[in-house]
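Asks: below are the sequence and a predicted model; questions follow.
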Amino acid sequence: MTKHSKIGIKGEQTAATFLLNKGYIILHTNWRSGKKEIDIIALKDNMIVIVEIKTRSTYDFGFPEESVNRKKQGFLKAAARVFMNRNTQYRNMRFDIISILMDGDTVKEIVHFEEAFY
């Protein structure tokens, strides 16, 4: 497994724990619709929360959340539409980003952007 993959997996585990500690219910991790993937689908206060997790080991290439560009947002929106169409019991949804900076196995910073985009 590459260093990049290990950082990503550690970031996803860290984000899931972070959300659980904030009272979120994790419904799915790495949910797929075709080639599109949603990192975490959670439930909070009767709202479906689509969470994109971005983890980096440095800020050399900018802040992690900056990599969630319009194209990535479009993929997330398309996958979220499929999820919502299959799960009609849910009516409300939002898109969040969790940005994580790691130093080895240590979390240096975690930032949760609620309602990051529409």
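Replies: Looks like it came in fine. As the structure is a prediction and not an experimental result, all values here were calculated from the model.

Asks: how much space separates residue 20 from residue 42?
Replies: 9 Å (C-beta to C-beta, to the nearest Å). All C-beta atoms are positioned from the backbone trio N, CA, C, and that covers glycine.

Asks: residues in contact with residue 67?
Replies: Contacts here follow C-beta atoms under 8 Å, 6 or more residues apart in numbering; on that basis residue 67 touches 54, 61.

Asks: show me what the helix or strand hosting residue 17 is packed up against.
Replies: Per DSSP states H and E, residue 17 falls inside helix 3-21. Contact here means 3 or more C-beta pairs under 8 Å, 6 or more residues apart in numbering; DSSP states H and E; on that basis helix 3-21 packs against strand 25-33, strand 36-44, strand 47-56, strand 93-103, strand 106-117.

Asks: I'd like the distance from the first one to the chain centre, please.
Replies: I take that to be strand 25-33. 10 Å (C-alpha atoms, centre = their mean, to the nearest Å).

Asks: what does it contact?
Replies: Contacts for strand 25-33 (C-beta under 8 Å, 6+ apart): 12, 16, 19-20, 37-44, 48, 78-79, 82-83.

Asks: next one: the longest one
Replies: If you take C-beta under 8 Å, 6+ apart as the criterion, strand 106-117 is touched by 14-15, 18, 22, 52, 65, 68, 73, 94-102.

Asks: again with the second one
Replies: By C-beta under 8 Å, 6+ apart, the surrounding residues in contact with strand 36-44 are 12, 15-16, 19, 22-32, 48-53, 75-76, 78-80, 83, 90.

Asks: could I have that strand exported to PDB, CA atoms only?
Replies: Taking C-alpha atoms only, strand 36-44 is exported to PDB below (Å, rounded to 0.1, in the frame of the first residue of the first chain):
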ATOM      1  CA  LYS A  36     -18.400   7.700  -8.200                       C
ATOM      2  CA  GLU A  37     -17.700   7.300  -4.500                       C
ATOM      3  CA  ILE A  38     -18.900   9.100  -1.400                       C
ATOM      4  CA  ASP A  39     -16.500   8.800   1.500                       C
ATOM      5  CA  ILE A  40     -19.100   9.000   4.300                       C
ATOM      6  CA  ILE A  41     -22.800   9.100   4.300                       C
ATOM      7  CA  ALA A  42     -24.000  10.100   7.800                       C
ATOM      8  CA  LEU A  43     -27.200  11.100   9.500                       C
ATOM      9  CA  LYS A  44     -27.500  14.100  11.900                       C
END
